[in-house]
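Asker: Just the structure for this:
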Amino acid sequence: MSAVDGLSAESAAAEHLESTRRVSARRRILATFAVAILTFLFFAPLFNLASISLKDPDQVYAAGSPLYPARAKQVEVDGKERPVVLVPQDDGSFKEMVLVKPGRQESLLADPADVTKTMRWQGSWRTLDNAWEFSATFNNFGTVWEILDYPTLLRNTLIIAVIGTIGTVVSCVLVAYGFSRLRFPGRGKLFQVMVATIFIPGTVTLIPTYMLFLNLGWVNTWLPLLVPTFVANAFDVFLIRQYMMTIPREHDEAAQIEGASPWQTLRYVIIPQSRPVIIAVTIFHFVYSWNDYFGPLIYLSTKPELQTLGIGLSRFSSQYSARVGYPEAATLMTIAIPIILFIIFQRYFVRGVVVTGVDK
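Answerer: Residues are numbered from 1 along each chain as shown. Below you'll find the model as predicted:
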């Protein structure tokens, strides 16, 4: 092969590589753009909720008001507030002008920077759109805090969520450790039976469970919401057990050689390495308990002083549904803590969920 042929081959290879890189770059850009759009659509209701919670009722119902918190611009002229309108220009743009004196056929306008400079505009002032400026208010949150008795509901929800999360994590870690590390007769069958309980609908056990707690005298107390959390649930046990199965057994054997008991192995070897999945389960149950509406509704319906934010928010929203801004502010105050918790621990949460899918 001649030197010319060699150079041609290298040039063709370089062009092919460059073309491949351009195609790959375009695909990454399109994928990023698609993900950005999906993310925006997913969070759009939350953005709208936050926007309405920062508005006054007159802002919400004002004609032509933008989506963000805003009020119509006004300028004081001769001791009176006059609206600022958008006047079309010859080049297709719009200019902000003060509507000093409206008229059917002719209106008197002024420059917002200097209201003494006036001009006459031919046309109906009703065809002009208002100019808007950003204006957010936090009064809705303060009012909701008082009307909803938010401190009491927050305290109740925190107590139930924290104690329930502790009970769930402790019990599920112990059971998962037994299924993943200890050897005993029927371990596989028992694990299959436990996992099968995930598919039992909660409505099937609702009435028997309620009758049990009623006979125990636990209705109208927090006990039906707290005691079951100390009896491991199948879903969280499955997640933790799958993660523990990925930890090499050589670590256990090394601890046993050093004289560690099964409890010490769990405490000093397994739990430190299982921190991501434990954090994931903690967030799972905390958010579930925080958002739980059905359980507190059944067992605390006649005890307002023991009810949680879910019940309080539902009652509040039904009473003040006509007052735009109050339900939205109450909703944001309710979901704020779970969102902050997820943002702080999202790295551990994602890692714990992903690794539990690794087969061992």
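Asker: Please enumerate the strands of the stretch 151-300 of the chain.
Answerer: For the stretch 151-300 of the chain, no strands turn up when DSSP state E, counting those that start in this stretch is the criterion.
Asker: my bad, the stretch 1-150 of the chain
Answerer: Under the criterion DSSP E, counting those that start in this stretch, the stretch 1-150 of the chain carries strands at the ranges 70-72, 74-77, 80-88, 94-101, 106-111, 114-122, 129-130, 132-134.
Asker: Columns mean pLDDT, mean neighbour count and distance to Q273 on top of the ones you listed, output as JSON lines?
Answerer: All C-beta atoms are positioned from the backbone trio N, CA, C, and that covers glycine. Written out in JSON lines, the entries for those read as follows (pLDDT from 0 to 100; neighbours: other C-beta atoms under 10 Å; distance: least, C-beta to C-beta, whole Å):
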{"stretch": "strand 70-72", "mean pLDDT": "84", "mean neighbour count": "19", "distance to Q273": "52"}
{"stretch": "strand 74-77", "mean pLDDT": "85", "mean neighbour count": "16", "distance to Q273": "63"}
{"stretch": "strand 80-88", "mean pLDDT": "87", "mean neighbour count": "17", "distance to Q273": "63"}
{"stretch": "strand 94-101", "mean pLDDT": "86", "mean neighbour count": "18", "distance to Q273": "63"}
{"stretch": "strand 106-111", "mean pLDDT": "86", "mean neighbour count": "18", "distance to Q273": "70"}
{"stretch": "strand 114-122", "mean pLDDT": "83", "mean neighbour count": "12", "distance to Q273": "72"}
{"stretch": "strand 129-130", "mean pLDDT": "84", "mean neighbour count": "16", "distance to Q273": "61"}
{"stretch": "strand 132-134", "mean pLDDT": "86", "mean neighbour count": "13", "distance to Q273": "50"}
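Asker: Please convert those strands to a markdown table, extending it with distance to V35.
Answerer: Shown next, in a markdown table, are the strands of the stretch 1-150 of the chain (distance: least, C-beta to C-beta, whole Å):
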| stretch | distance to V35 |
| --- | --- |
| strand 70-72 | 30 |
| strand 74-77 | 42 |
| strand 80-88 | 36 |
| strand 94-101 | 35 |
| strand 106-111 | 46 |
| strand 114-122 | 47 |
| strand 129-130 | 35 |
| strand 132-134 | 29 |
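Asker: now for the ones you listed, which one comes closest to S19?
Answerer: Between S19 and those, the shortest separation by C-beta to C-beta is 46.1 Å, and it involves strand 94-101.
Asker: Note down every partner strand of the closest one and its orientation.
Answerer: Using DSSP bridges, the strands paired with strand 94-101 in its sheet are strand 80-88 (antiparallel), strand 106-111 (antiparallel).
Asker: what residues does the last one touch?
Answerer: Taking contacts as C-beta atoms under 8 Å, 6 or more residues apart in numbering, the residues outside strand 106-111 that touch it are 75, 77, 85, 87, 97-101, 116-123, 125.
Asker: Same question for the longest one.
Answerer: By C-beta under 8 Å, 6+ apart, the surrounding residues in contact with strand 80-88 are 72-76, 94-100, 109, 112, 121, 125, 128-131.
Asker: thinking again about what came up before, please name whichever of the strands paired with strand 94-101 is nearest to L182.
Answerer: Comparison of the strands paired with strand 94-101 against L182 by C-beta to C-beta identifies strand 80-88 as nearest, at 74.3 Å.
Asker: Could I have the CA atoms of that closest one written out in CSV?
Answerer: Extracted as CSV, the C-alpha positions of strand 80-88 are listed here (Å, rounded to 0.1, in the frame of the first residue of the first chain):
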residue,chain,number,x,y,z
LYS,A,80,-54.5,59.2,42.9
GLU,A,81,-53.2,55.8,41.8
ARG,A,82,-53.4,55.4,38.1
PRO,A,83,-52.8,52.1,36.2
VAL,A,84,-49.8,51.5,34.0
VAL,A,85,-50.7,50.0,30.6
LEU,A,86,-48.8,48.5,27.7
VAL,A,87,-49.2,50.8,24.6
PRO,A,88,-48.4,49.2,21.2
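Asker: Compute the inter-axis angle for that strand and strand 114-122.
Answerer: Taking axes from the mean of the first three to the mean of the last three C-alpha atoms, to 10 degrees, one finds that strand 80-88 is oriented at 50 degrees with respect to strand 114-122.
Asker: From the chain's centroid, how far away is strand 80-88?
Answerer: Between the centre of strand 80-88 and the centre of its chain there are 40 Å (C-alpha atoms, centre = their mean, to the nearest Å).
Asker: go on, stretch 203-217?
Answerer: 32 Å.
Asker: Residue ranges of each domain in the chain, please.
Answerer: Taking automatic domain parsing as the domain assignment, the ranges for the chain are 1-69, 74-130, 140-355.
Asker: Tell me which of the ones you listed is the most buried.
Answerer: Compared across these, domain 140-355 shows the largest average neighbour count, a mean of 16 (mean count of other C-beta atoms under 10 Å).
Asker: So which of the strands paired with strand 94-101 is nearest V162?
Answerer: For the strands paired with strand 94-101, proximity to V162 was assessed by C-beta to C-beta; strand 80-88 is nearest, at 51.1 Å.
Asker: between the strands paired with strand 94-101, which one is nearest to A136?
Answerer: Nearest to A136 among the strands paired with strand 94-101 is strand 80-88 (19.0 Å), distances taken as C-beta to C-beta.
Asker: Rounded mean pLDDT for the longest helix belonging to the chain, please.
Answerer: Across the chain, the longest stretch assigned as helix under DSSP state H is helix 3-53. In this model, helix 3-53 carries a mean pLDDT of 79.
Asker: What helices and strands are in contact with that helix?
Answerer: Helix 3-53 sits against helix 326-355, with contacts defined as 3 or more C-beta pairs under 8 Å, 6 or more residues apart in numbering; DSSP states H and E.
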